[in-house]
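Enquirer: Could you work out the structure for the sequence below:
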Amino acid sequence: MTMTKFKAPYTIEELCDALRNKDKNTYVIAGGTDLIIHFNKKGIFGYKIIDLTKLKELKEISETENEIIIGSAVTMTEIENSQLINKYIPALVDSVYNLGSEQVRNRATIGGNVANSSQSGDTIPVLFAYDAIAEIINSSGTRRTDKIENVVEGLEKNSLNDDEVITNIIIKKTNSKSAFSKVGSRKAVTISKLNCCIKTDISDDMIINNSVIYLGAVGPKPIRAKFIEEKLLNKNINDIAFSDLHDAIHLQIEDAIPDRSSKHYKKSAAEGLVDDILNKLRRQIWKN
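Expert: All right, here's what the predicted structure looks like:
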């Protein structure tokens, strides 16, 4: 029987040393909720593990004057309960609240969700909408940054080099409103069949000045929904003609997956998602 080898670095220096000795059978783990499924699916038994959960630097949520910094090993539950993230990135709270069971959210991490790069990953449309940045370190200790939109290639593939891991997620502070919604076999504790994030600025007279919208699970990675964005531009959020909006939603799905039979279901599902998100945005305005 092949034995599993396990390393849990406590410092960045120890992490870099572990990455230098990493081979093709070595996997980086934080929560492990995606990786264990991968092992079972692929029948992988002989492997080595680098566990990131002992690195304090990767388990903190902090702020600067202009940015929110989320460690890659921060769990979904910690994100859900963070006052900073509730204040500045409400859609991210929506997305983690709907991500699996309570037990999964207590283990799953934001860095793992990005690195796994599933086409149905729930935090990814939100991170795309906020133009989030990944801070990445390699085995020599060199750090670099890249847009998460570039890191995530989709279909469980990312652009990280073999000796690299994500250390932090960096998001610029904004006063924008945002919300997320998903459709699955059940409302929660399920993999998304379709998800959506809307980030938008709304004036005092309730006019949508601009919006950034991403739809997930309609391709290898989330797509920017520009047809829907254009339809919402300069509209009063309380006076939107849903028939016109739904036409734009159908056009967006048709453009994204013209040859897939699921497009008919996803058109209807996307209508419900956008309606749900707009209602959430209205509640945010009323709350304030």
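Enquirer: Could you list the low-pLDDT ranges of this protein?
Expert: Within the chain, the stretches with pLDDT under 70 are 1-4, 35-40, 42-45, 185-190.
Enquirer: which residues in it form strands?
Expert: 5-7, 26-29, 48-51, 61-63, 67-71, 133-138, 143-147, 152-154, 157-158, 164-172, 177-183, 194-202, 208-216, 223-224 (DSSP state E).
Enquirer: Turn these into TSV, columns for distance to Leu245 and mean neighbour count.
Expert: Any C-beta I mention is one placed from the backbone N, CA and C, and that applies to glycine too. Output for the strands of the chain, formatted as TSV (distance: least, C-beta to C-beta, whole Å; neighbours: other C-beta atoms under 10 Å):
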stretch	distance to Leu245	mean neighbour count
strand 5-7	51	13
strand 26-29	42	18
strand 48-51	46	18
strand 61-63	35	15
strand 67-71	31	22
strand 133-138	31	21
strand 143-147	29	12
strand 152-154	27	18
strand 157-158	33	16
strand 164-172	28	22
strand 177-183	15	25
strand 194-202	12	25
strand 208-216	11	21
strand 223-224	17	18
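Enquirer: mind putting those strands in a markdown table, distance to Asp94 included?
Expert: Shown next, in a markdown table, are the strands of the chain (distance: least, C-beta to C-beta, whole Å):
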| stretch | distance to Asp94 |
| --- | --- |
| strand 5-7 | 35 |
| strand 26-29 | 26 |
| strand 48-51 | 29 |
| strand 61-63 | 17 |
| strand 67-71 | 15 |
| strand 133-138 | 21 |
| strand 143-147 | 22 |
| strand 152-154 | 19 |
| strand 157-158 | 24 |
| strand 164-172 | 15 |
| strand 177-183 | 4 |
| strand 194-202 | 8 |
| strand 208-216 | 13 |
| strand 223-224 | 19 |
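Enquirer: Identify whichever of those strands lies nearest to Thr77.
Expert: strand 61-63 (11.9 Å; C-beta to C-beta).
Enquirer: on contacts alone, who are the packing partners of that closest one?
Expert: Applying 3 or more C-beta pairs under 8 Å, 6 or more residues apart in numbering; DSSP states H and E, one finds that strand 61-63 contacts strand 67-71, helix 83-88.
Enquirer: what angle do the first one and strand 133-138 make?
Expert: For the pair strand 67-71 and strand 133-138, the angle between their directions (axes from the mean of the first three to the mean of the last three C-alpha atoms, to 10 degrees) equals 40 degrees.
Enquirer: Run me through the strand neighbours of strand 67-71, direction for each.
Expert: In the sheet, strand 67-71 lines up against strand 61-63 (antiparallel), strand 164-172 (antiparallel) (DSSP bridges).
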